[in-house]
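1. 3D, please:
(chains A and B)
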Amino acid sequence: MKPFRKGDGERSGLFTRRALLLGGVQGILLSALAGRLYQLQVIETQRFATLAEENRINLRLLPPSRGLIFDRTGQPLAVNRNNFRAMAASDRGRGAEVLVERLDQILSLGETERNRLLRDLKRSRNAQPVVVRENLGWEEVARLEFNAPDLPGVFIDLGQSRDYPEGELTSHIVGYTGRVADEDLAGRDDPVLQLATIRFGKKGVERSLEDDLRGRAGAVQVEVNAVGRAVRELDRTEGQPGSNALLTIDLDLQRFAADKMKEHQSGSVVVLDVVTGDVIAMVSTPGFDPSTFARGITHAEWRDLLENPERPLNNKAIGGIYPPGSTYKMVTALAALESKAIEPWTRLPCLGFLMLGGIKFHCWLKTGHGSTNVVEAIAQSCDCFFYEAARRAGVDRISDMAARLGFGKQSELGLPGESAGNQPTRAWKQERVGKPWQHGDTFNLGIGQGYMNCTPLQLAVMTARIANGGYEVQPNLLLAKATTREELGPPPPTLTPTAPSLRLNPQHLAMIRDGMNQVVNSGHGTANQLRRDADGKVRDPALAFAGKTGTAQVKRITQREREMGITQASLPWHLRHHALFVCYGPVDNPRYACAVIVEHGMAGGATAGPIGRDVLVETMKRDPSRRSDRFRKMASR
Amino acid sequence: MSSVALDAPAPVGFAERIWRVNWGLVLVLTAIAGIGVVALYSAAGGRFEPWASRHAVRYGAALVLMLTVALIHPRVWLALAWPIYIISLVLLVAVDLIGKIGMGAQRWLVIGPMQIQPSEIAKVAVIMVLARYYHGLRKEQASQVLYTLPALLVILVPVALVMVQPDLGTAMMVLMGGGALLFVAGMRLWIFLAAAVTAVACLPVAWSFMHEYQRKRVLTFLDPDSDPLGAGYHITQSKIAIGSGGLFGKGFLKGTQSSLNFLPEKQTDFIFTTFVEEWGMMGAFALLALFALVLVWGFSIAFRSQHHFGRLLALGVTAMMFLYVFINAAMVMGLLPVVGVPLPLVSNGGTAMVSVMFACGLLIGVNVYRDAQLPWAR
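-> Now for the predicted structure:
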């Protein structure tokens, strides 16, 4: 009937069945989509919401400004100054090569800088920007801004860098900062250390007070887009600048002492407050220019510093070790007196030498001192007296007394690079030399030679402990963590040490001090020329001081050489004797102690003595009790 | 033949035809396109430029095209099926030879001011030709292997040409859409099974023919977290966007993943993600429900058609719609590899819009001319 519809009913039936089947399959698949949406948007939505926020929000740290460092009178030793630096935030290190190539064309980076930058860019995490170059000049800033379209991710950042107005003068005390090294991170999980611009104390106070000076980082939450560019700021927490530090150093005295050292190649001066332990001055010459480190030291400069025989990088006040020589005789004397090995009235003979087992131990005075007691022996620095005193006291008692006076261990100063020196004992010799202790070793120890060595700071501490009546003062460099000198107010009048007493017999200490007084202020003292000032005038009695000379052997001059007429002055510089001088003052009411070492200065009394005198007298002149106007002026400034 | 005239239903007037247009379906399609405008407005950061306004205009034009197509008698399409198919094959060959490269594949052909994607035309052409072919077969013939071979050829030639571009998504769509038509046309089921087995067996061969970026896509689909900043980035970020949308979404214009550009291709293949991030699961369900309505409409039109051509055509268009929606949505949800299939009427893009609306015009035309008397053509 309807030819064009023939069989269409059958086709339609099959079509309907199969189409319904197909529709069913589609329905199931659409349900699967709905199920997947439920899984993503209901079951796992928290996880994805977190991931979306992590995508969106980038936490950027704001570097805190580093605490400033002042001397005790409020003069700046380390400050921050503005620093325009070029930074680059690379999109996960992609295109880093091209970027570095362009920067090289604009700033002429040079090979090593290029490689450093490329490495930094590839290591940078969370698209944290890295430093391209510091301390840009105006011209460089202009060139970068001009080429900005070709330099995606490069921007100019106003940061701060460290400046040391006193340069070399305080280089060893203040130290310097540098990029954070891997070992600096040990035990510190401060996130601010991850910042490319942050600097870490490497030497001196910058290092020892690093955790106080650094401050706490602020943070800013920014919304970023997919390429890491900030879209807007969401939240900001300000950081806390590092706390300032007032050092115990008196900058003017430091400068005075450094001037006095100028005529000598290398050496060290330490001035201590014997009551408080404050380090008033600490000079080590030669020094170095810390700004070289602030701007980035070159390889050649670094090598020069390392290879210099005068070791400018070494703070000799705490890191240089020398045999104390005759300045050690106070230790021997105290050990002998305290152990009753000798009595105050004991007199010992000196013939110019002492024989021990066929070996001749010389006194510096060939003709001998005759019979002396302990006071006279110190005043004249009689070696024979101290050979015998040391023999009677024995190495154990001497070492014990030395340890109580501060030898053989590091101080509590906390500066990096401090040496403990060496205070030899029987056990030490057995272990290190492999031989038992000999009487000859005791003789040498008695006059501060042989295995014994120490730092200038240790000599100053010993002198201070003798001068202050036997209190165990510790040297310290930090006067206060304060913002300004005014905040601190005038120093309290400290008259008695708060440190624990060493429980030494006051009478014994008085004898030692008497001997040291006679060194300077009696006719037979080894440094009696120091009674007068450099200009030959007689000093104000209130500024009278006591001291002890020392000349430490570097190379032993044999009898044969002596006969050949070889003298100290004819030896090469590095073989000459070290010149040492320790002193304290005022004699009646000691307040300051000073130790001076002139490396290879040949004669303690002649070379180191005048420096000690001038520095100590200047220190006493500057004492606040004599110059009470000084701090009042500070407070009103 | 006079009986024909007697038995034939009364002629249908123009007003009746207008009345027969599935206006409800038109409304649903417009709603979907409206969602597209909203999503594109948001994808542009709250601006009509550059996508949303053009999308709206384009939909308006496509709507006119659709209604025009709907009112053309099916016998015209019956007659034009093969020519359109041949033209689409020529264009596919042309695009393989001189096409413009986009996304690592040759997809576009530039003719004057127009950029056309021949593969979009091929999708519709294959449906038309298959509908025409099976319209002319009796049921017994339709189930015979011999008669199935030309149909397979009709599918596989454009599939091969599209694969060469290479456009895996479109190839899959043509293959699966054509397969659906063969299935409802009455092809033997064992052929399907055999084809499925063959396909699985051919996977290694296909792998060796795949481009590097295609292999990468498949691998990252299998394990998107293996390279979260590289090839897996798209899938990972899309899942984050959808998941972080939650039940009710982050709110209009507040999608962080899309506005901060973490979402790739947010205005085209990943427009579903853009929308769902801001409107949540409720929005996603609403959009899927609208598409489901289109499918239901499509099936009902197919069932009501009194001629086989119309049935097959309607079902083919419906299957194509389904494949578009399913592949796109499953892709952005991480259920399928990223193959580059847009979401019809929502994604930004002209050719897909035109081909989808053209297909919908055919679908509505089947309803308008559901009682048309078509020659038993061969």
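
2. quick one, phi psi at the residue in the stretch 301-450 of chain A that chain B sits nearest to?
-> Residue nearest to chain B within the stretch 301-450 of chain A: A:Trp302 (39.1 Å; Cβ to the nearest Cβ). (C-beta placed from N, C-alpha, C; glycine too.) Main-chain torsions, A:Trp302, degrees, to the nearest 10: phi -60, psi -40.

3. going on from the strand or helix carrying B:Ile35, what's the next piece of helix or strand?
-> Using DSSP states H and E, B:Ile35 maps to helix B:23-43. Under the assignment DSSP H and E, the closest C-terminal helix or strand after helix B:23-43 is helix B:52-70.

4. my guess is A:Tyr451 meets A:Lys429, correct?
-> Yes: A:Tyr451 is within contact range of A:Lys429, at 6.8 Å (criterion: Cβ atoms under 8 Å).

5. Between those two, which contacts overlap?
-> Counting by Cβ atoms under 8 Å, 6 or more residues apart in numbering or on different chains, the common neighbours of A:Tyr451 and A:Lys429 are A:Asp441.

6. Let me know the pLDDT of the residue in the stretch 151-300 of chain B positioned nearest to chain A.
-> The nearest approach of the stretch 151-300 of chain B to chain A comes at B:Gly243, 2.6 Å away (Cβ to the nearest Cβ). pLDDT, B:Gly243: 93.

7. Contacts only, for residue 32.
-> Reading this off chain A. B:330, B:335.

8. let's do chain B instead
-> B:287, B:290-291, B:294, B:344-346.

9. Among those residues, the buried ones, what's the ChimeraX command?
-> Only the buried entries of the contacts of B:Ile32 go into this ChimeraX selection, using 16 or more other Cβ atoms under 10 Å in any protein chain shown:
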select /B:287,290,291,294,344,345,346
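
10. restrict the contacts of B:Ile32 to those near chain A?
-> Near chain A, judged by Cβ under 8 Å from any Cβ of the partner chain, the entries from these are B:Phe291.

11. Switch the contacts of B:Ile32 over to a markdown table; also include secondary structure.
-> A markdown table is the format used below for the contacts of B:Ile32 (DSSP: H, G, I helix; E, B strand; the rest coil):
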| residue | secondary structure |
| --- | --- |
| B:Leu287 | helix |
| B:Leu290 | helix |
| B:Phe291 | helix |
| B:Val294 | helix |
| B:Pro344 | coil |
| B:Leu345 | coil |
| B:Val346 | coil |
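
12. Return the member of the contacts of B:Ile32 nearest to A:Asp289.
-> B:Val346 (68.9 Å; Cβ to Cβ).

13. How about that closest one, nearest residue that isn't a chain neighbour?
-> B:Gly36 (3.8 Å; Cβ to Cβ, 6 or more residues apart in numbering or on different chains).

14. The one you found contacts B:Ser53, doesn't it?
-> No: the criterion here is Cβ under 8 Å, and B:Gly36 misses it with B:Ser53 at 11.8 Å.

15. For the residue in the stretch 251-400 of chain A positioned nearest to chain B, the count of nearby residues, please.
-> Nearest residue of the stretch 251-400 of chain A to chain B, counting by Cβ to the nearest Cβ: A:Gly296, 33.1 Å away. A total of 13 residues lie near A:Gly296 under the criterion other Cβ atoms under 10 Å in any protein chain shown.

16. A:Arg295 now?
-> 12.

17. Figure out the helix or strand that the nearest residue to it once chain neighbours are set aside lives in.
-> Counting by Cβ to Cβ, 6+ apart, A:Arg295 lies nearest to A:Asn135, which is 6.1 Å off, once chain neighbours are set aside. Here A:Asn135 sits in a region with no helix or strand, counting by DSSP H and E.
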